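Colleague: starting from these lines, generate the structure:
(2 chains)
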Number of protein chains: 2
Amino acid sequence: MPDAEAPPQIEALIDLMARLPGLGPRSARRAVLTLLKKRGSLMAPLATAMAQVATTARDCRTCGNISTADLCPICTDDRRATGEICVVEDVADLWALERAGVFRGRYHILGGTLSALDAVGPDELRIPALLARIRSEGTREVILALNATVDGQTTAHYIADALTPTGVTITSLAQGVPIGGELDYLDDGTLSAALRARKSF
Amino acid sequence: MPDAEAPPQIEALIDLMARLPGLGPRSARRAVLTLLKKRGSLMAPLATAMAQVATTARDCRTCGNISTADLCPICTDDRRATGEICVVEDVADLWALERAGVFRGRYHILGGTLSALDAVGPDELRIPALLARIRSEGTREVILALNATVDGQTTAHYIADALTPTGVTITSLAQGVPIGGELDYLDDGTLSAALRARKSF
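Modeller: The predicted structure is shown next:
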């Protein structure tokens, strides 16, 4: 559809915006038009903020969290327990757990899941780094907080196998009915997991 | 929902991204995560492109089109007829007409529509500039290509009234059944407009 009807620099900007998730060619065009209308109040600050984050953001050397320093604030927080490592797929998952504010240990970000289709093996996933951490930090418990998807659970099983020789306690998030969930709307897998893991009332 | 679980610079970036149309707080977060993962290949080029457009883009002095020069490429194109001015609400409408490639005259961008609700009067809309252009350029025809909305048509009538003293020919886009349109799915307004404007076969 889009011919080069806008100046080339603006077309280039639209093309880059269209690569963001949730934006297609049409909505990227609309977003750029909004930016053009708010050049001073939105576009310039956004460009500055983006450039600043692009230069300063880096992966935490220990856990893989996004940070502006060599070690992230969680890894340098003395008040957080060092004996517990919560393994997550992604920074978004870490953010979700931090929002909930229930976990006070450290994290380890895999950077994805094992996937034969996408040729993602253990070495692409910071699993060797996890093993090294467990040995050097004297970790007591590893909580596998991976997504309840096929890829997530395959990865969880692989990690559990890899960690067995270290003798660390391996746990995973409970599966069951989500808070506020109505049984009628739940899938069979969740229902059967909730029934199997039933507890005394 | 979102607590400050990410570093403050990244939270600031998410807040700015969430102000783009089509992105809410959640999708802005997801977009920023993608940017963080592709810092070198996407985030840095996007920041550069955005900063460049923010500094170089300006409104064409004559027609209001977005350009990187004082006058836009359309206004400086000698091969385009100067006697016809197509009046549109927005740069997006100009782009749409240029994509279609059927109009070879000049444009005039209003920058919106009259709106009592939003307190947009004629002086906010570059209507005085349009009148000045018609007088100085010796325009023969003004094509009102405003959206077929209530606000668009109100604005079109206002402009037609304002232009009457200049003696210029005033036309508007034809209304009717869109190409590929099925009668069954068309609204009553379109059907009745198409019937009223019927032509010999």
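Colleague: all contacts plus neighbour counts: C-alpha atoms, from now on.
Modeller: Will do.
Colleague: name the SS class of A:Pro178, please.
Modeller: Classification of A:Pro178 by DSSP: H, G, I helix; E, B strand; the rest coil places it in coil.
Colleague: residues of the worst-scoring helix or strand of chain A on mean pLDDT that come out buried?
Modeller: Using mean pLDDT, DSSP states H and E, helix A:188-196 stands out as the lowest-scoring helix or strand of chain A, at a mean of 83. Within helix A:188-196, the residues that qualify as buried are A:Thr190, A:Leu191, A:Ala194, counting by 16 or more other Cα atoms under 10 Å in any protein chain shown.
Colleague: out of those residues, who's nearest B:Thr171?
Modeller: Closest to B:Thr171 out of the buried residues of helix A:188-196 is A:Thr190 (62.7 Å), distances taken as Cα to Cα.
Colleague: how about the residue nearest the centre of chain A, nearest residue that isn't a chain neighbour?
Modeller: In chain A, the centroid-proximal residue (Cα atoms, centre = their mean) is A:Asp90; its distance is 1.8 Å. Spatial nearest neighbour of A:Asp90, chain neighbours left out: A:Gly111 (5.3 Å); criterion: Cα to Cα, 6 or more residues apart in numbering or on different chains.
Colleague: so the one you found is in contact with A:Arg126, correct?
Modeller: Yes: when contacts are counted by Cα atoms under 8 Å, A:Gly111 is listed as touching A:Arg126 (7.2 Å).
Colleague: quick revisit: for the residue nearest to the centre of chain A, which residues are in contact?
Modeller: A:Ile109, A:Leu110, A:Gly111, A:Gly112 (Cα atoms under 8 Å, 6 or more residues apart in numbering or on different chains).
Colleague: go with 10 Å
Modeller: A:Gly64, A:Asn65, A:Ile66, A:His108, A:Ile109, A:Leu110, A:Gly111, A:Gly112, A:Thr113, A:Leu146, A:Asn147, B:Leu33 (Cα atoms under 10 Å, 6 or more residues apart in numbering or on different chains).
Colleague: report the buried members of the residues you listed.
Modeller: A:Gly64, A:Asn65, A:Ile66, A:His108, A:Ile109, A:Leu110, A:Gly111, A:Gly112, A:Thr113, A:Leu146, A:Asn147, B:Leu33.
Colleague: which one of those residues is nearest to A:Asp184?
Modeller: A:Asn147 (22.5 Å).
Colleague: helix, strand or coil: sort out the closest one for me.
Modeller: On the basis of three-state DSSP, A:Asn147 is classed as coil.
Colleague: so can I have a markdown table of the buried residues of helix A:188-196 showing distance to A:Leu173?
Modeller: Listed next are these as a markdown table, based on distance: Cα to Cα, whole Å:
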| residue | distance to A:Leu173 |
| --- | --- |
| A:Thr190 | 13 |
| A:Leu191 | 16 |
| A:Ala194 | 13 |
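Colleague: which strands or helices does the host helix or strand of A:Arg29 pack on?
Modeller: With secondary structure defined by DSSP states H and E, A:Arg29 is part of helix A:25-37. For helix A:25-37, the elements it packs on are helix A:8-17, helix A:44-56, helix B:44-56, strand B:58-59, strand B:66-67, helix B:91-100, judged by 3 or more Cα pairs under 10 Å, 6 or more residues apart in numbering or on different chains; DSSP states H and E.
Colleague: which one of these lies nearest to A:Tyr185?
Modeller: Across the helices and strands packed on helix A:25-37, A:Tyr185 has its closest neighbour in helix A:8-17 (36.3 Å, Cα to Cα).
Colleague: about what we covered before: farthest-apart pair in the buried ones among the contacts of A:Asp90, please.
Modeller: So, the buried ones among the contacts of A:Asp90 by Cα to Cα: farthest apart are A:Ile66 and A:Asn147, at 19.5 Å.
Colleague: how about A:Leu71: what's its closest non-neighbour residue?
Modeller: Distances taken as Cα to Cα, 6+ apart put A:Cys60 closest to A:Leu71, at 4.7 Å, once the chain neighbours are dropped.
Colleague: tell me the contacts of that neighbour?
Modeller: Neighbouring residues of A:Cys60 by Cα under 10 Å, 6+ apart: A:Ile66, A:Ser67, A:Thr68, A:Ala69, A:Asp70, A:Leu71, A:Cys72, A:Pro73, A:Ile74, A:Cys75, A:His108, A:Ile109.
Colleague: can you give me the neighbour number for the second one?
Modeller: For A:Ser67, the neighbour count with other Cα atoms under 10 Å in any protein chain shown is 21.
Colleague: export the least confident helix or strand of chain A as CSV, just CAs?
Modeller: Written as CSV, here are the backbone C-alpha positions of helix A:188-196 (Å, rounded to 0.1, in the frame of the first residue of the first chain):
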residue,chain,number,x,y,z
ASP,A,188,-9.7,-28.1,30.9
GLY,A,189,-5.9,-28.1,31.6
THR,A,190,-6.2,-25.6,34.4
LEU,A,191,-9.2,-27.3,35.9
SER,A,192,-7.5,-30.7,35.9
ALA,A,193,-4.3,-29.2,37.4
ALA,A,194,-6.4,-27.5,40.1
LEU,A,195,-8.2,-30.7,40.9
ARG,A,196,-5.1,-32.8,41.1
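Colleague: what helix or strand is A:Gly152 on?
Modeller: Following DSSP H and E, one finds A:Gly152 within helix A:150-163.
Colleague: quick one, domains of chain A?
Modeller: Per the record, chain A has its domains at A:8-56, A:66-172, by automatic domain parsing.
Colleague: rewinding a little: of the helices and strands packed on helix A:25-37, which stretch is the most buried?
Modeller: Comparing those by mean neighbour count (mean count of other Cα atoms under 10 Å in any protein chain shown), strand B:66-67 ranks first with a mean of 23.
Colleague: before I go, just wanted to say thanks for your time.
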